[in-house]
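Trainee: sequence and predicted structure below; questions after.
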Amino acid sequence: MRRVRPGAAAFRGRGTSGASRDGGLPRTAGEERALTSVREGDRYEEPGDMPRLWHVTLSVSGQEAPVEEVRRALEQLAHDHPFLLTSRYAGDHAEIRYWEEARDLHDAAAVALRLWGEHRHSAGLPPWEIVGLEVIDRETYHQRVAEGYGPPRATPVGVHPF
């Protein structure tokens, strides 16, 4: 009786039945097996529906609230949603900027439009409404910044008053 580690038989190209996985005869030592999943000359192409990065600016406003509470709520939102870059706030409005990974603009915008409402209770956000939304792709963001008319750089990262 020969002792074998669990899984060792499968490692040699055989399943638990002892039959060869590729359906052919057992290979001899040193014999190479042809790859069947990639044909010679095939090139890798990125799938068309891969997620992309989108720069989101969400603007909210409403009735005056104590700025200390607004700041604390935005800090909690940043803790709950770690992709937030920066938030600016005043007693009656705020702006949140962050990067979102999504397949297309529609998906990124849908997530952004849900952000404030979904975190309103958990973060203690004021009952403000969304009054503005900008979603641009990464290339457009960097082009705007390079040309000097893009959104102000998100440094320093964090929650800051206007």
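Mentor: Good, I have the coordinates.
Trainee: CA only for contacts and neighbour counts going forward, please
Mentor: Noted.
Trainee: what is the neighbour count of Y149?
Mentor: Residues lying near Y149 (other Cα atoms under 10 Å) number 10.
Trainee: I'd guess it is in a helix, am I close?
Mentor: No - assessed with DSSP: H, G, I helix; E, B strand; the rest coil, Y149 is coil; it does not lie in a helix.
Trainee: which SSE is immediately downstream of the helix or strand containing V70?
Mentor: Assigned by DSSP states H and E, V70 belongs to helix 67-80. Per DSSP H and E, the first helix or strand lying C-terminal to helix 67-80 is strand 84-89.
Trainee: quick check: buried residues in stretch 107-122?
Mentor: A108, A109, V111, A112, W116, G117, H119 (16 or more other Cα atoms under 10 Å).
Trainee: can I get it in PDB, CA atoms only?
Mentor: The C-alpha coordinates for stretch 107-122 follow below in PDB (Å, rounded to 0.1, in the frame of the first residue of the first chain):
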ATOM      1  CA  ASP A 107     -24.200  53.500 -11.900                       C
ATOM      2  CA  ALA A 108     -21.800  56.100 -10.300                       C
ATOM      3  CA  ALA A 109     -24.600  58.700 -10.300                       C
ATOM      4  CA  ALA A 110     -27.100  56.300  -8.800                       C
ATOM      5  CA  VAL A 111     -24.700  55.400  -6.000                       C
ATOM      6  CA  ALA A 112     -24.000  59.100  -5.400                       C
ATOM      7  CA  LEU A 113     -27.700  60.000  -5.300                       C
ATOM      8  CA  ARG A 114     -28.300  57.400  -2.600                       C
ATOM      9  CA  LEU A 115     -25.300  58.200  -0.500                       C
ATOM     10  CA  TRP A 116     -26.800  61.100   1.600                       C
ATOM     11  CA  GLY A 117     -30.100  59.400   2.200                       C
ATOM     12  CA  GLU A 118     -28.700  56.000   3.100                       C
ATOM     13  CA  HIS A 119     -26.300  57.400   5.600                       C
ATOM     14  CA  ARG A 120     -28.600  60.200   7.000                       C
ATOM     15  CA  HIS A 121     -29.500  58.200  10.100                       C
ATOM     16  CA  SER A 122     -26.300  56.200  10.700                       C
END
